[in-house]
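1. quick one, fold the following:
(one chain, ligands or ions: 1)
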Amino acid sequence: MSAIDVVEVRDFLTHFHWGRHPDDPMLDMRLGGGAYAVHRNGHAVVIDSMARPGQGQWVRDYLARTQGVTRFTLVCSHWHVDHIVDNVAFADDVIVGHAHTREVMLARRAEFEAGYGDYDPFTVVPPNLCFEGRLDLWVDDIKLELHEVKIHEAGHLGVLLPEHKILLASDLLEDPLWFFDFDFASAAVQRAEFDRLRAMDIEHIYPCHGSVDTIRRGGYSKRLIDANAHYIDAMLQAGAVSDETRCTPQPLLSDYLEAGVISWWEPYAEVHAQNREAVLSLQGGS
Ligand SMILES: [Zn+2]
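-> Sure, this is the predicted structure:
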């Protein structure tokens, strides 16, 4: 297991980053990413259990050792494998997730346990406390609002800490660009969700996949919402994706790259290529 970089974002909020490994065979290791934990007075809510077996246990052990955490709650932001691989480290705890997340994990258990795509085989442990829409959790006196948001994947949860104006966005927002999936909700529905996020009282955004340096410097501003909304707008523009040369991601994102809102990371060219296919099939192209 590669080393995990720990960022003490606040005295009650820790980020665990698995690093960016451009030559790794696994896309999520090339992109980089990580998990978060909100902790106070012996209780931690861990948001996502990381991408490789053993990483969730590593997070758990770290929090027990350094923060004196004895009580854990896991939140699954969505079912994508790089967020649920080490749920087994929390098998005896409350695991909160959207009902859809539990459904998919159970339906695809055999596939995931045999080794799905470029992921290591892992033991499937689905959420045992499910909801749809909204749910509030508390870590001591810290309120966590779980919001279902229709971006990226069905049943995706964003975690808002209203008192601190912090959004733990998981894959709702991504630097430099996000993964499209239009099967569960139309592009228009997902685009409108960015406006709903924009209306929330947020000052610091912490995504799963992003630059650890930006996370270390206090996270992303709401301009990340604008950058991700602009990306889908630009991709959906008439004819934008039909010409591959017009559709290279950096020119599409240049305003936000130049302003330092996002920063280019080459493995995202692969994500962009997949998004281009998604838009072409939406538009009935090849
Ligand atoms: Zn995802």
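
2. strands along the stretch 1-150 of the chain, start to end?
-> Ranges of strands in the stretch 1-150 of the chain, per DSSP state E, counting those that start in this stretch, are 5-10, 13-17, 34-40, 43-47, 71-75, 94-98, 129-131, 134-139, 142-148.

3. can you lay out the ones you listed as TSV showing distance to the ion and mean neighbour count?
-> The way it works is simple: take the backbone N, C-alpha and C, and place the C-beta from them, glycine included. Compiled in TSV, the strands of the stretch 1-150 of the chain are given as follows (distance: least, C-beta to the ion, whole Å; neighbours: other C-beta atoms under 10 Å):
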stretch	distance to the ion	mean neighbour count
strand 5-10	20	16
strand 13-17	16	22
strand 34-40	13	25
strand 43-47	13	25
strand 71-75	14	23
strand 94-98	13	23
strand 129-131	18	16
strand 134-139	20	15
strand 142-148	14	19
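
4. can I get the ones you listed in JSON lines including mean pLDDT?
-> Formatted as JSON lines, those follow (pLDDT from 0 to 100):
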{"stretch": "strand 5-10", "mean pLDDT": "98"}
{"stretch": "strand 13-17", "mean pLDDT": "98"}
{"stretch": "strand 34-40", "mean pLDDT": "98"}
{"stretch": "strand 43-47", "mean pLDDT": "98"}
{"stretch": "strand 71-75", "mean pLDDT": "98"}
{"stretch": "strand 94-98", "mean pLDDT": "98"}
{"stretch": "strand 129-131", "mean pLDDT": "98"}
{"stretch": "strand 134-139", "mean pLDDT": "98"}
{"stretch": "strand 142-148", "mean pLDDT": "98"}
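
5. need those in CSV (columns: distance to A240).
-> Putting the strands of the stretch 1-150 of the chain into CSV (distance: least, C-beta to C-beta, whole Å) gives the following:
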stretch, distance to A240
strand 5-10, 36
strand 13-17, 33
strand 34-40, 32
strand 43-47, 34
strand 71-75, 36
strand 94-98, 32
strand 129-131, 37
strand 134-139, 35
strand 142-148, 29
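
6. closest to V85 out of those?
-> strand 34-40 (10.5 Å; C-beta to C-beta).

7. ok, that closest one: who's next to it in the sheet?
-> Note on strand 34-40: by DSSP bridges, its sheet partners are strand 13-17 (antiparallel), strand 43-47 (antiparallel).

8. show me what residue of the stretch 1-150 of the chain gets nearest to the ion.
-> Closest residue of the stretch 1-150 of the chain to the ion, C-beta to the ion: H80 (3.4 Å).

9. swap in the stretch 101-250 of the chain?
-> D171 (3.6 Å).

10. count of neighbours near the nearest residue to that residue once chain neighbours are set aside?
-> Once flanking residues are discounted, D171 sits nearest to H152: 4.9 Å by C-beta to C-beta, 6 or more residues apart in numbering. For H152, the neighbour count with other C-beta atoms under 10 Å is 24.

11. ok, D195 next?
-> Per other C-beta under 10 Å, the neighbour tally for D195 reads 10.

12. how about A114?
-> 8.

13. do the same with D28
-> D28: 24 neighbours (other C-beta under 10 Å).
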